[in-house]
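# Sharing a model that was predicted from the sequence below.
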Amino acid sequence: MTKKRYRGILADVDGTIVRGSTFIPGARETYDRFRDRGIRWIFLSNNATIPATLLAKRIKNLGLNVTEDQVLNSAVALIRSLNKERPDARVYTVGEPAFVNAMKDAGVVVVEDSEQVDIVVAAMDRSFSYDKLARAQAAIHAGAAFWASNLDPSLPIEDGFLPGAGSIIAAIETAAGHPPDRVFGKPSPDMAFIALEQLGLPVEECLVVGDRMTTDILFARNAGIDSALVLTGATSREDLPRYSYAPDYVLDSIADIRVLFE
């Protein structure tokens, strides 16, 4: 196996580091070992149910010594783009309360009247309802843009999977008659550009580690970064022939990335 001098790791969270509130075996020890060797970590999550700062606290409370600036999620990428590209846009949001509050705290104008909406933003929402679906549909049919946090169909938990943001967004897509105009979570490369800027490292010195071919590995490919697929989440080894693209490495778990460095 050819070894490269990676100095940065862009790691997925759910299914790669943790499942629900439980660490993948060896994940914590691997993080500590590589951090002590000077390898820099950024954790990337499509989960937009909570702000990245709270996600960092959740990871830290589990026992991983991370700082707030080490964690990025699709909410960060989406809110940054709203503030940069459409700072005056009126937004109707399908999402968890913490996500809606994060947008408000960032100065985004959040509205409920479907006739006043410039952009419909959709994310994971465990209180999703027919009324929310109807409001989103009406706004999009009236000309609003349709932005999505991510398209993950499922969310890993300790003993299986729950429906993810992609399941909710699929309902809105069906009602609206077209897919989202913008998607900010993986496999879109938005978070990669933010992570590389924070790390101050070139793409050739970074490695993406994740458990999903359709998000993590395609994300790495879209961003031009090497990738390692771990088999602790959504993708199995038997799934690999179905895809027209491939990871640079396939590992049983994140604990095995040591073979790429030692």
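Ah, there it is. None of the values given here were measured: they were computed from a predicted structure.
# Show me the shaky parts of the chain.
Scanning the chain for pLDDT under 70 picks out 1-3, 156, 158, 262.
# Go again with 80.
Scanning the chain with the threshold set as pLDDT under 80 gives 1-4, 20-21, 155-161, 261-262.
# can you pull out the helices in the protein?
27-36, 52-62, 74-85, 97-105, 130-141, 165-176, 190-199, 218-223 (DSSP state H).
# So which of these is nearest residue 43?
Nearest to residue 43 among the helices of the chain is helix 52-62; the distance by CB to CB comes to 6.7 Å. (C-beta placed from N, C-alpha, C; glycine too.)
# who's in contact with the closest one?
For helix 52-62, the external contacting residues (CB atoms under 8 Å, 6 or more residues apart in numbering) are 13, 17-18, 21, 23, 43, 45, 47, 50, 66-68, 70-73, 75-76, 98.
# Now intersect these with the strands, please.
Taking DSSP state E as the definition of strands, the contacts of helix 52-62 contribute 18, 23, 43, 45, 71-73.
# Among the contacts of helix 52-62, name the buried ones.
Neighbour counting with 16 or more other CB atoms under 10 Å marks 13, 17-18, 23, 43, 45, 47, 50, 66, 70-73, 75-76 as buried within the contacts of helix 52-62.
# picking that back up, from the ones in strands among the contacts of helix 52-62, which is closest to residue 192?
Using CB to CB, residue 72 comes nearest to residue 192 of the ones in strands among the contacts of helix 52-62, at 9.4 Å.
# Correct me if wrong: that closest one contacts residue 194.
Yes: using CB atoms under 8 Å, residue 72 makes contact with residue 194 at a distance of 5.8 Å.
# Looking at the helices of the chain, which is nearest to residue 120?
Nearest of the helices of the chain (CB to CB): helix 130-141, 4.9 Å.
# Break this structure down into its structural domains.
For the chain, automatic domain parsing gives the domain ranges 8-46+186-260, 86-182.
# returning to that earlier point: ok, so of the buried ones among the contacts of helix 52-62, who is nearest residue 259?
Of the buried ones among the contacts of helix 52-62, the one sitting nearest to residue 259 (CB to CB) turns out to be residue 17, at 18.2 Å.
# Run through the residues that contact the closest residue in space to that closest one that isn't next to it in sequence.
In space, and not counting its chain neighbours, residue 17 is closest to residue 27: 4.9 Å by CB to CB, 6 or more residues apart in numbering. Residues near residue 27 by CB under 8 Å, 6+ apart: 16-18, 64, 253-255.
# Distance of residue 27 relative to residue 214?
Distance, residue 27 to residue 214, using CB to CB, to the nearest Å: 22 Å.
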